Structures are given as C-alpha cells and as structure tokens.
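*Asks:* what's the 3D shape of this:
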Amino acid sequence: MAADGRVPRTDLTGARRLGEGAVAVVTGAGSGLGAGFAEVAASLGMRVVLADADAPRLEAVEDRIGAAGGAARRMVTDVRRYEEVQALADWVLAEGEHVGLLVNDAGVEHVGPVWEVAPEDWHRVVGVNLHGVYHGVRAFVPAMMAAGRRSVVLNVASVGALTAGAHHGTYEVTKHGVLVLSEALADGLSAAGAPVQVSVALPGPVRTRIYEDANPAVAAGATGDRVAAMRRLLADEGMAPLHAARTMLAQAAAGAFWVTTHPDMLRALAARRAERLSDLARTVTLL
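*Replies:* Numbers count the residues shown, from 1 in each chain. Below you'll find the model as predicted:
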C-alpha cells in the first residue's frame, strides 16, 4: 500500500486472498476483458468457470488457461436467457463451490442513431448488456450471501455509463443501467449486512472485439465510418485486456466500488456529467 493509503493499481495481493478456496465465475469469457479476467483469476490460483455464448472462443480460453497451469471449466451460456444463467449457477453450486468472484462481463455494441436501430438489435444489446448482468446477480448473489464469506460481484459497465452521444445511444443506455443496478445492489447488500462487495468497472479503451462484432451488416455511410474508426482506435490505443483486467481486479479486491483502466478519462467524464446535472438543477430552480 502506498504511503497515502492508496492501493497500487496492479497490486493483486487482495485478489489472491479473495480467491483462496473459491471459484471465479466470468461471463463473456470467450474474448476481450472477460477472457482477461478469467486468465488473471486463474493465475492467482482460483478455479475459474467460463461462460460465453460462443463455444469455440470459450474452448480456446479454457485451453489457454490449462496450458498455463490453471484450472478452468466452461459452459456455453446465453446471458440473455435467465434459465441458462440459472443452469450455470446450479452447475457451479452443485459442486459445493464458494463463488468468491462473480464477473458479469458479457457485452455487445451497436453503433448508430437510436431511431435507426432495428428492434432486434436494440433488444439484443439490452438483453446482453443489462439483462445479462441482472441475470447473473439473481442467479448467484443469494448463494453468495448465504455462504457468509467475503466475495465480490464485479459488474462491467464502461466510461459510457457517464456519457451520452449520438452514435452509441443504445450501448450507453445499457451501461448507465449497469451503473445504477450496481449502486442499488451495493446499497441493498450493505443494508442486509451481507459480506458481498459490489464493484462496477468503468473501463476506457481496451483492445477487444467489441467493434469487430458490432453492426456486422454496416458497410458504408456515417455509421459504417464510425464503426471503422472505433475499430482503429481500439487497435491503436486500446489497453491490452490482461493489463486492464489486472488493473481493475486489483482495485476491486482492495474494496473500491468504481474501478477503471483510465482514471484521468473517468475523472474528466465524471466532471462533465456533474456539470450537466448542475445545469439541470439550476434550470429546475428557475422554473
């Protein structure tokens, strides 16, 4: 720990203690941040359960963890479907496992003005990004509370949870929702006296597939240009997923509620959001 009491951003001592005798469950574990969280947890000695809708990617991550000496098992899971997430929980808990870390990471993007988003695309993004987090909470948290041991729920939002813009409205709606869900969950668990900590991840640019998998049918026009630009941004400037996962897991294990990869960016966006809300407060006062 630093002299001013802050925990270094990559100090995983707390995470190692959290993982003693426990299992980590990670959704969206087939690639990107989810794979990063799974690999970091396995490197700390945690048994890892991998969940993702993409079977080949999931198998590749399991093989990678095994080759590095870690312990992992997988279940293909569509987090949009509560019954599949509950089946995942039943499978884990049937083995008598203590879930010390639950990472609700599964996420997808869709770029374009809200009025142009097809209903099926809107429901897909909301289903994965927001309903998927709720499904993870509903399926796992009661058992984590009943265990009576310290554990952490890490819900992955985005710096987009503090922003609103023309191109990413669908995605930002869901990430605002994940932030509020996490705040409500933390307040509720605290009021219940449960030893379950909640953290919400607000990462900045991370080198993931999120824009490779976004808007697959878009080939031209402003939206296509935006998707291409975001792909280049993540490829050129995005943080490596393993580094991002280590950084945020260290913060979560140290007890932080908000965790991030890009603190300066987050501070600037939070200040901008606060200014916008202050403007609202002043406007209401004048009515």
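*Asks:* And R272, which helix or strand is it part of?
*Replies:* helix 263-286 (DSSP states H and E).
*Asks:* What residues of that helix count as buried?
*Replies:* The neighbour-count criterion (16 or more other Cβ atoms under 10 Å) identifies M265, L266, L269 as the buried residues of helix 263-286. The C-beta positions use only the backbone N, C-alpha and C, and glycine is treated the same way.
*Asks:* Check stretch 68-83 too.
*Replies:* Neighbour-count burial for stretch 68-83 flags G70, A72, R74, M75, T77, D78, V79, R80 (criterion: 16+ other Cβ under 10 Å).
*Asks:* sorry, back to before: pick out whichever of the buried residues of helix 263-286 sits closest to A51.
*Replies:* L266 (27.3 Å; Cβ to Cβ).
*Asks:* now the buried residues of stretch 68-83 as a markdown table including pLDDT?
*Replies:* A markdown table is the format used below for the buried residues of stretch 68-83 (pLDDT from 0 to 100):
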| residue | pLDDT |
| --- | --- |
| G70 | 97 |
| A72 | 97 |
| R74 | 98 |
| M75 | 98 |
| T77 | 98 |
| D78 | 98 |
| V79 | 98 |
| R80 | 98 |
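*Asks:* Can I get the helix holding R272 in CSV, CA atoms only?
*Replies:* Output in CSV follows, covering the C-alpha atoms of helix 263-286 (Å, rounded to 0.1, in the frame of the first residue of the first chain):
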residue,chain,number,x,y,z
PRO,A,263,-8.6,7.3,-14.2
ASP,A,264,-7.9,10.6,-15.9
MET,A,265,-10.5,10.0,-18.6
LEU,A,266,-13.0,8.9,-16.0
ARG,A,267,-12.4,12.0,-13.9
ALA,A,268,-13.0,14.2,-16.9
LEU,A,269,-16.2,12.4,-17.9
ALA,A,270,-17.5,12.5,-14.3
ALA,A,271,-16.8,16.2,-14.1
ARG,A,272,-18.6,16.8,-17.4
ARG,A,273,-21.6,14.7,-16.2
ALA,A,274,-21.7,16.5,-12.9
GLU,A,275,-21.7,19.9,-14.8
ARG,A,276,-24.6,18.7,-16.9
LEU,A,277,-26.6,17.7,-13.8
SER,A,278,-25.7,21.0,-12.2
ASP,A,279,-27.1,22.8,-15.2
LEU,A,280,-30.3,20.8,-14.8
ALA,A,281,-30.5,21.7,-11.1
ARG,A,282,-30.1,25.4,-11.9
THR,A,283,-32.8,25.2,-14.7
VAL,A,284,-35.3,23.5,-12.3
THR,A,285,-34.7,26.2,-9.7
LEU,A,286,-35.6,28.8,-12.2
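*Asks:* Give me the residue ranges of the stretch 151-287 of the chain where confidence is low.
*Replies:* Across the stretch 151-287 of the chain, the ranges flagged by pLDDT under 70 are 216-220, 286-287.
*Asks:* now the strands for it?
*Replies:* 151-156, 196-201, 258-259 (DSSP state E, counting those that start in this stretch).
*Asks:* The second one pairs with which strands?
*Replies:* Spelled out, that is strand 196-201. strand 151-156 (parallel), strand 258-259 (parallel) (DSSP bridges).
*Asks:* So what touches it?
*Replies:* 33, 141, 144-145, 150-158, 161, 178-179, 182-183, 185-186, 189, 248, 251-252, 255-260 (Cβ atoms under 8 Å, 6 or more residues apart in numbering).
*Asks:* what are the bridge partners for the residue nearest to the spatial centre of the chain, then?
*Replies:* By Cα atoms, centre = their mean, the chain has its centre lying nearest to V156, at 1.8 Å. Assessed by DSSP bridges, V156 has beta-bridge partners A201.
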